[in-house]
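Student: need a structure here:
(one chain, ligands or ions: 4)
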Amino acid sequence: MTSNIPLIVRLLASSVSVANRAGKIVRDVMSKGELGIVEKGKDDYQTEADRSAQRCIVASLAAQYPKVNIIGEEDGPDNEGDIASDWLISEADKEVLSLECPAGLRSVKEEEIVVWVDPLDGTSEYTQGFLEHVTVLIGISVNEKPVAGVIHQPYYKTILGGEKIVGRTIWGLQEAGVGGFTPAPPPDSLIITTTRSHSNPLVEKALQVMNAAQVLRVGGAGYKVLQLLEGKASIYVFASSGCKKWDTCAPEAVLSAAGGKLTDILGEFYKYGGTESRPNKTGVLAAVSKDLHSYALNRIPQELKEALSKK
Ligand SMILES: Nc1ncnc2c1ncn2[C@@H]1O[C@H](COP(=O)(O)O)[C@@H](OP(=O)(O)O)[C@H]1O
Ligand SMILES: [Mg+2]
Ligand SMILES: [Mg+2]
Ligand SMILES: [Mg+2]
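Tutor: Numbers count the residues shown, from 1 in each chain. Ligands and ions are numbered 1, 2, ... in the order given. Down below sits the predicted model:
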């Protein structure tokens, strides 16, 4: 009986199923080839895939959890209205439904939850054909803290028993850990992951001081955090404004469920209450372990921290 299952676990299980559907929408828009690109601002684009995936996620979750505050990147009067019935998902992932809910989250009510939705993270890369960088992000926060999250990769390819499978969904729940893949230990040398399409002089300065063996430039906050969890990189550094709460809520939840840490460049956690401002003004610093996070934080010069706080 799903009604005996705590709300947070049900909401995470629903989010896994709806992220899978949104991922299919992202693939379908690309194969049709009509991206419908709209420029929202400088270096800031939206496509039909962003709009449609958001409508699928928000409508599906709102229908089942009407009192949860759901905030999406592509919210707006032009992106509302009826949706196709096959976009309305009411399934819930069975593996997630069987998770043990952390004691502190068992009695959470809908009104106490804010869900941050990034229907397509890595839009620049999506429009430029770097499809493996694209993710669908659903972050669940309680008392301003990300407690559970989903990172879905619509273009991840696996072969299982000779059959090609496209897409995979990684989830994390506070105290319960992560699922959908097997995390790997960090690389032996210091490998940094950072933005591919939103760099600037401050971003480059923060990369220089890290003394890294290698810098990977890839799209999306979701993909960069997955690189940390898969042992492809050690630290995610982005010393700039530009990311928003929907970019970091799900990645932070998944990373912290795996023992990692995501903060701003000053080492402070972002807050995810519904009234918080959307922009993450003071950048992103994330690592797969708390030790690596402190290493990186200690290397960021005070002038750089001040320059970012003043902006
Ligand atoms: N200067 C900027 N302007 C607009 N969006 C920015 C930005 N810097 C980062 N972002 C957003 O933060 C996310 C991760 O950025 P990046 O890939 O550069 O690391 C992307 O999310 P979306 O693709 O969902 O919009 C991107 O748009
Ligand atoms: Mg965007
Ligand atoms: Mg994003
Ligand atoms: Mg987006």
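Student: okay, the residue lying farthest from the centre of the chain: pLDDT?
Tutor: Within the chain, Gly162 marks the point farthest from the mean C-alpha position, 30.3 Å out by CA atoms, centre = their mean. Turning to Gly162, the model gives it a pLDDT of 93.
Student: before we move on, what SS does Ser189 have?
Tutor: The three-state label given to Ser189 by DSSP: H, G, I helix; E, B strand; the rest coil is coil.
Student: The residue nearest to it when sequence neighbours are not counted and Ile192, how far apart?
Tutor: In space, and not counting its chain neighbours, Ser189 is closest to Ala213: 3.8 Å by CB to CB, 6 or more residues apart in numbering. To be clear about C-beta, it is placed using only N, CA and C from the backbone, and glycine gets the same treatment. Using CB to CB, to the nearest Å, Ala213 is found at 9 Å from Ile192.
Student: Between those two, tell me which one has more neighbours.
Tutor: For Ala213 versus Ile192, neighbours defined as other CB atoms under 10 Å are more numerous around Ile192 (23 against 12).
Student: Counting by contacts, list what the helix or strand encompassing the more buried one packs against.
Tutor: Assigned by DSSP states H and E, Ile192 falls within strand 191-194. The contact analysis (3 or more CB pairs under 8 Å, 6 or more residues apart in numbering; DSSP states H and E) places strand 191-194 against helix 201-208, strand 214-217, helix 221-229, strand 235-238.
Student: For the stretch 151-300 of the chain, which segments count as strands?
Tutor: 163-173, 177-179, 191-194, 214-217, 235-238, 261-263, 284-287 (DSSP state E, counting those that start in this stretch).
Student: closest to Arg55 out of these?
Tutor: Among those, the nearest to Arg55 by CB to CB is strand 163-173 (19.1 Å).
Student: and the closest one, what other elements does it pack with?
Tutor: The contact analysis (3+ CB pairs under 8 Å, 6+ apart) places strand 163-173 against helix 7-32, strand 145-160, strand 177-179, helix 245-257.
Student: Columns mean neighbour count on top of the ones you listed, output as TSV?
Tutor: Shown next, in TSV, are the helices and strands packed on strand 163-173 (neighbours: other CB atoms under 10 Å):
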stretch	mean neighbour count
helix 7-32	22
strand 145-160	22
strand 177-179	18
helix 245-257	29
